[in-house]
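K.L.:
Next input, structure requested:
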Amino acid sequence: MGVLEVVNITIQERAFAFRSEYDISTPDRNYYARKKLFSIRAKVELMTGEDRVVATIRSLSFFRSRYDFELSDGNVYRFRCEKFWKGVYACEGNEERYHLYQHKGLRYSIFQDDRQIAAITKNRLVVGKGNRYEIQLNDDANVAIVICLALTINTSQDDDDHSTVTIDFGNIGPEDRKFDESWEPS
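P.N.:
As a prediction, this is how the structure comes out:
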């Protein structure tokens, strides 16, 4: 098995867009995502720069705690909240299982089975809707799933407050597991 390298992904929500729109950059290609207008339940499409749909994220409940990720290859992943107060989410599909953990402040980690594959950091100062997620992940991680997880974090926390400038303090409540400061993609 070769040495894995870190992959950096940036998800930037457009600050003053009429609907939620995101510019996503990875080392290999750029993506774009947008939330459907006038939808009671959230629906976000993840597309390549050539407008090819890579995945569709659909909300399955009004409380935004359950989503389906429908990938272009036909696979469907189910995302759900496992522990609301501690910010633990599970995502399962195609015989794979992911866990997303919300940590104190503005950090998240993603595990595939029992191995951490990604770490996410969100910006504290938000201009307009301009949430920004910086993601580090292993080069063997499923990029589409990791992007869908980050977009779902943003979609589920979207309060439609389009203030000019806000300060996000992140999670101040309990956490299921502490953020591993020593973690590095391996």
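
K.L.:
what helix or strand does the residue at minimal distance from the centre of the chain sit in?
P.N.:
The centroid of the chain falls nearest to residue 150 when counting by C-alpha atoms, centre = their mean (0.6 Å). Per DSSP states H and E: residue 150 is located in helix 143-156.

K.L.:
Same question for residue 126.
P.N.:
Short version, using DSSP H and E: residue 126 is in strand 125-127.

K.L.:
Also residue 129?
P.N.:
Counting by DSSP H and E, residue 129 is part of no helix or strand.

K.L.:
That one - nearest residue in space that isn't next to it in sequence?
P.N.:
Nearest residue to residue 129, sequence neighbours excluded (C-beta to C-beta, 6 or more residues apart in numbering): residue 13, at 5.3 Å. Quick note: C-beta positions are derived from backbone N, CA and C, even for glycine.

K.L.:
mind listing what the one you found touches?
P.N.:
20-22, 129-132, 154 (C-beta atoms under 8 Å, 6 or more residues apart in numbering).

K.L.:
distance between stretch 170-186 and the chain's centre?
P.N.:
Remark: stretch 170-186 is offset 15 Å from the chain centroid, using C-alpha atoms, centre = their mean, to the nearest Å.

K.L.:
measure it end to end?
P.N.:
End-to-end distance of stretch 170-186 (C-alpha to C-alpha, to the nearest Å): 27 Å.

K.L.:
Give me the mean pLDDT for that stretch.
P.N.:
On average, the pLDDT along stretch 170-186 is 87.

K.L.:
For it, buried residues please.
P.N.:
Within stretch 170-186, the residues that count as buried by 16 or more other C-beta atoms under 10 Å are 175, 179, 185.

K.L.:
so residue 10 sits right up against residue 136, yeah?
P.N.:
No: between residue 10 and residue 136 there is no contact, the gap being 10.6 Å when judged by C-beta atoms under 8 Å.

K.L.:
Looking at these two, which is more packed in?
P.N.:
Comparing residue 10 with residue 136 by other C-beta atoms under 10 Å, the one with more neighbours is residue 136, at 17 against 13.
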